[in-house]
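> Sequence and predicted model, in that order:
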Amino acid sequence: MEKRPALRIALVQTDLHWQDKTANLAALEEKIWSLKDACDLIVLPEMFPTGFSMDSASLAEPMNLQVHKWMKQLAAQTGAVITGSAIISEGGNYYNRLLWVAPNGTTQSYDKRHLFRMAQEDASFAAGENLPVFELKGWKICPQICYDLRFPVWSRNRWSAGNAAYDLLFYVASWPAARISAWDALLPARAIENLSYAFGVNRVGVDGNQIAYNGHSAAYDFKGETLVNLEDREQIQVIHLDYTALEEYRSKFPAWKDADPFTVNP
C-alpha cells in the first residue's frame, strides 16, 4: 500500500466586500496570516475577490494581474498552495476560473463547467470544457465550483488498474442560505459515491444583490462522515486528511469495481 503524508488544509469561510478587490484581498491576507499552523493548501470561496457578480466585463482581469499576483505572493510567503475562483478574461471570453497557485509560482486552473443559469451566469461567462486533476504531496485532487455540485457525472471518480483518478474532491462556492439543505446533502454524497474525501468552502454574509449566505463549509471522509462543519460564522478551520485510512477503506470496500462504465462529452 502506497504511503503519502497527511494533507493539512485550511478552509477559509468568510464574508466578502461586494465588487471590491482591494478590500477583499487585504481582508483575506490578514485572515491567512492569522493561521498559527503551517498548511499545505489554503482554500478560498468562489469569486473571492468580488463576490458572486455577473458584472464580468468590468470586474474581469487577465491572468497575472492583481488577483493572480496576490495569490502568487501569498503562496510564496506561506509555503502553501492557494486556491479559489476569480473572474478572468481570456481569448475574448470571461471565465469563473479556479486558480491553483503553488509556492513556486506555478499555476494551474479549472474553468467552471456548470454555469448557474438562474442568476444568468451562463449569459456572462463561458463554460469550461476540461476537468484537471491537481497533485499535492502525492495526493490527486479534483477541483469543482459551486453549481457543479449538482451534477455528479462531471465529478465521478474513474478507476484504472485499481487506481483512482483522484483522492480528494473539493468545491469552492457562493451557495445561498435559501438552498443550503441541498449543499448539506450533496457534499457527503459526492464523498460516498466517489470513495474519496470531499470538502466544500462556502462564504457567509449578504452580497450586493441582497442574497444571504450562511456558510456550512464542511469536510467529509470517504464514508460520508463529517470531519468538520464550520456552521454559519466567519472562521478558518484547518483539517488533516489521512491517506492510509482512505486506501484501507478502498481495499476493504471496493465498490468501484461494480461501477458502470461511461464517457462524458463536454
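Sure thing, it's come through.
> Show me what the host helix or strand of Phe170 packs onto, helices and strands only.
Here Phe170 sits within strand 168-172, counting by DSSP states H and E. For strand 168-172, the elements it packs on are strand 81-90, strand 139-145, helix 180-194, strand 197-201, judged by 3 or more CB pairs under 8 Å, 6 or more residues apart in numbering; DSSP states H and E. Heads up, the C-betas are built off the backbone N, CA and C, glycines and all.
> deepest of the ones you listed, which one?
Stretch with highest mean neighbour count among the helices and strands packed on strand 168-172: strand 197-201 (a mean of 27; mean count of other CB atoms under 10 Å).
> partner strands of it, parallel or antiparallel?
Its sheet considered, strand 197-201 pairs with strand 168-172 (parallel), strand 218-220 (antiparallel) by DSSP bridges.
> can you list contacts of the last one?
The one in question is strand 218-220. Residues from elsewhere that reach strand 218-220 (CB atoms under 8 Å, 6 or more residues apart in numbering): 9, 11, 184, 187-188, 191, 197-200, 226-230, 239, 241.
> ok, back up a step: could you check the angle the strand holding Phe170 makes with strand 139-145?
30 degrees (axes from the mean of the first three to the mean of the last three CA atoms, to 10 degrees).
> contacts for strand 168-172?
With CB under 8 Å, 6+ apart, strand 168-172 has contacts from 7, 43-46, 48, 83-85, 98, 139-146, 148-149, 155, 157, 187, 190-191, 194, 196-201, 241.
> Relative to Ala255, which of the helices and strands packed on strand 168-172 is closest?
Smallest distance to Ala255 across the helices and strands packed on strand 168-172 (CB to CB): 8.5 Å, for helix 180-194.
> so how far is the closest one from its chain's centroid?
Centroid separation for helix 180-194 versus its chain: 14 Å, with CA atoms, centre = their mean, to the nearest Å.
> so what does it touch, helix or strand wise?
Short answer (3+ CB pairs under 8 Å, 6+ apart): helix 180-194 packs on helix 152-155, strand 168-172, strand 197-201, strand 218-220.
> and the helices and strands packed on strand 168-172 as CSV, adding distance to Leu74 and mean pLDDT?
Shown next, in CSV, are these (distance: least, CB to CB, whole Å; pLDDT from 0 to 100):
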stretch, distance to Leu74, mean pLDDT
strand 81-90, 5, 98
strand 139-145, 18, 98
helix 180-194, 26, 98
strand 197-201, 16, 98
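> Serialize these to a markdown table and add fields for distance to Glu121.
Formatted as a markdown table, the helices and strands packed on strand 168-172 follow (distance: least, CB to CB, whole Å):
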| stretch | distance to Glu121 |
| --- | --- |
| strand 81-90 | 11 |
| strand 139-145 | 10 |
| helix 180-194 | 17 |
| strand 197-201 | 18 |
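> Thanks again, I'm all set now.
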